[in-house]
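Visitor: need a 3D model of the following:
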Amino acid sequence: MDTIEDPFSLVQDSLITLSESAATTAQALDPVVLGIELLFLFLGLAFSAVFSGSEVALFSLSNRMQDLKQDETLGSADDRIIKMLEKPRRLLATILIGNTFANIVASVLAAVITGDIVAAYGLSEVIVYTVEVIVLTFMILILSEITPKIIAINNPIKVSRGNSAFIYSLFILLKPFAKLIADSTISLERYLPKPASKMTSEDIRTMAEVSEQEGSIKEDEREIIENVIGFGNITVREIMTSRVNIIAVALDESLQDVLTKIRENGLSRMPLFENDLDNIVGVLYAKDVLPYLNADEKEPSLNWKTVSRKALFIPATKKLDDLLRDFQQEKTHIAIVVDEYGGTEGIVTMDDILEEIVGDITDDSGDEETLYTRFKSGIYIFDAKIDLDDMEDILESEVTTDEDEFETLGGLIYHLTESLPVVGERLTYKNLELTVHSVKNNRIKKVRVKVESPKEVQTPAES
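Guide: Residues are numbered from 1 along each chain as shown. Coordinates of the predicted model:
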C-alpha cells in the first residue's frame, strides 16, 4: 500500500523552499555589489562622453593650428593641444582606444546587471536582454555621443583645454598601442581603392549658393567661384576686343604719333602692323619706347620692328584656360586673335581674362567708360559694343542664350537686320524695342532701347 504523506509536512517543505528561494534572491541582488556595478557602468558612460567630446573638439581645432601657435598668451593646455594635433593619427587612435574600452566596460556591466535580475526574479531572458540593449543604446547615444559632441562643437577651445590633461596622459601612456594602430592604418590604406571624387561643378555651385544664403561667403565671392567653374567653357571670341576697336601702331608712324596714342588711350601694349591689321608683325610695349624720350635731341628715326616684341597668335575658338596657359608659357599678356583665313579678328589681354573671374577692372586712371545712359522716362541709350550679358544685368531682362553666335548689342542688330542698318531703323526683339541711334563708317555706335512691359490680357466683357 502507498503511504499517504502528512499534509503538515508538505506545507512545511513548501515554506522551507520559499525561504531558501528568498535567501537566494537576496544574495543575488546584493545592494553593495549592485551599487558598485552601477557606479562603474556610469563611469564607463562618462569616460565615453569625455572621449567623444574631445575627439570633436580637438580635431575641429586642426585648421587653426597656426593661430594657436602665434597666440602669445599660450598656456600649458594649449601646448598639450598643439603637441597632440601635430600627430593626428596617433591622437585619433588614442581617443578611439579609450572610447572603445569605456563602451565595452559599460556594455559588460549592463549585461552582468541584467543577468543578476534574470536569475533573481526568474524573468524571461529574451525580454530582459532586449530591454537592456535598447536602454543601453539610447544611453550611449544620448549621454556619450550626441550631447558631448554638440557641446564640443559649440565650445571647441574650452572643451579641448578642459580635457587636454587627461587625453595627453593617455596620449603618452598608450603611445606603443596607438602608434601601432596608426602605422597599421597607413599600411592598410595602400591596398584600399582610392575613392573617386564625384563632386560636379553643379554641386560646387549649389554649395556656394547655400554658403551665401547662410552668410559664410559674400555675393562677390560666390560670383568668383561660379566664374572659375565656367572659366574653361568660355572661348576667346566671347571676351576679345573686336577688330574695329583695336588701337594699333602702323610701321611707318612717327615717335610722336605713337606717344600720342599711348597718352590718349592709356595703353601699355599695342599691336604693330604693316599696311593693314591683317598683317601684324609684332607687339609694341609702351615701356620699350621710354628710352627714346629725349626732348633735347632731334626725333630719332625708328624701325618699330626692332623695338617691338614677338606677337602670340591664337584662334578665336581657344578656351580661356588654354589661353592662360599660353600666356604663362610665352610670358606675355596679349594675344592676336585670328579667324579661319588668318586675318585679324581681334585682340585679347590678361585683363580680359581676369575680368571674367573677378568682374570689371577699372583702369588706373580711374576713368571708367560709360556704356549706357538711362533717362527718367525709362529709355536707355547703349553703346553698341556693350556685352549682352552686361546688358541683361542692367535691364534685368533675358536678352540672349548660350546658343547665340553674337556677343554684343551691335552683333544682335546685325543678326536681326542681316544688312547694314541705318539711323532710325526700329526693331523688336523679345520684350525690347531697339532703335539705331547713330552710325559711323557703317558701324553702329549707339542704340536706343526701351523695355516693353507685357501687355495685359483683355477678357471679353460680360454681356
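
Visitor: shaky segments in the protein?
Guide: By pLDDT under 70, the low-scoring segments of the chain are 1-29, 63-74, 194-198, 294-301, 360-369, 402, 453-463.

Visitor: tell me where it has strands.
Guide: Secondary structure of the chain (DSSP state E): strands at 241-242, 249-250, 269-274, 276-285, 313-315, 334-338, 344-349, 372-374, 380-383, 426-429, 432-440, 443-451.

Visitor: ok, Gly230 - how many residues close by?
Guide: Gly230 has 13 neighbours, counted by other C-beta atoms under 10 Å. All C-beta atoms are positioned from the backbone trio N, CA, C, and that covers glycine.

Visitor: what sits opposite Thr373 in the beta ladder?
Guide: Ile381 (DSSP bridges).

Visitor: about what we covered before: I'd like the strands of the chain laid out as a markdown table, including distance to Glu37 and mean neighbour count.
Guide: Shown next, in a markdown table, are those (distance: least, C-beta to C-beta, whole Å; neighbours: other C-beta atoms under 10 Å):
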| stretch | distance to Glu37 | mean neighbour count |
| --- | --- | --- |
| strand 241-242 | 83 | 16 |
| strand 249-250 | 94 | 18 |
| strand 269-274 | 84 | 19 |
| strand 276-285 | 86 | 18 |
| strand 313-315 | 80 | 14 |
| strand 334-338 | 80 | 22 |
| strand 344-349 | 79 | 22 |
| strand 372-374 | 82 | 14 |
| strand 380-383 | 83 | 19 |
| strand 426-429 | 84 | 13 |
| strand 432-440 | 82 | 16 |
| strand 443-451 | 80 | 19 |
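
Visitor: these: which one's closest to Ile153?
Guide: strand 344-349 (47.7 Å; C-beta to C-beta).

Visitor: need the strands of the chain in CSV with distance to Val131, can you?
Guide: Converted to CSV, the strands of the chain look like this (distance: least, C-beta to C-beta, whole Å):
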stretch, distance to Val131
strand 241-242, 78
strand 249-250, 91
strand 269-274, 82
strand 276-285, 84
strand 313-315, 75
strand 334-338, 76
strand 344-349, 74
strand 372-374, 75
strand 380-383, 76
strand 426-429, 74
strand 432-440, 73
strand 443-451, 71
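
Visitor: of these, which approaches Phe42 most closely?
Guide: Proximity to Phe42, assessed across those by C-beta to C-beta, is greatest for strand 344-349 (70.9 Å).

Visitor: got the CA coordinates for that closest one in CSV?
Guide: Output in CSV follows, covering the C-alpha atoms of strand 344-349 (Å, rounded to 0.1, in the frame of the first residue of the first chain):
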residue,chain,number,x,y,z
THR,A,344,43.0,89.6,-87.6
GLU,A,345,39.6,89.2,-85.8
GLY,A,346,40.6,90.9,-82.5
ILE,A,347,42.9,91.0,-79.5
VAL,A,348,42.7,89.6,-76.0
THR,A,349,44.7,90.5,-72.9
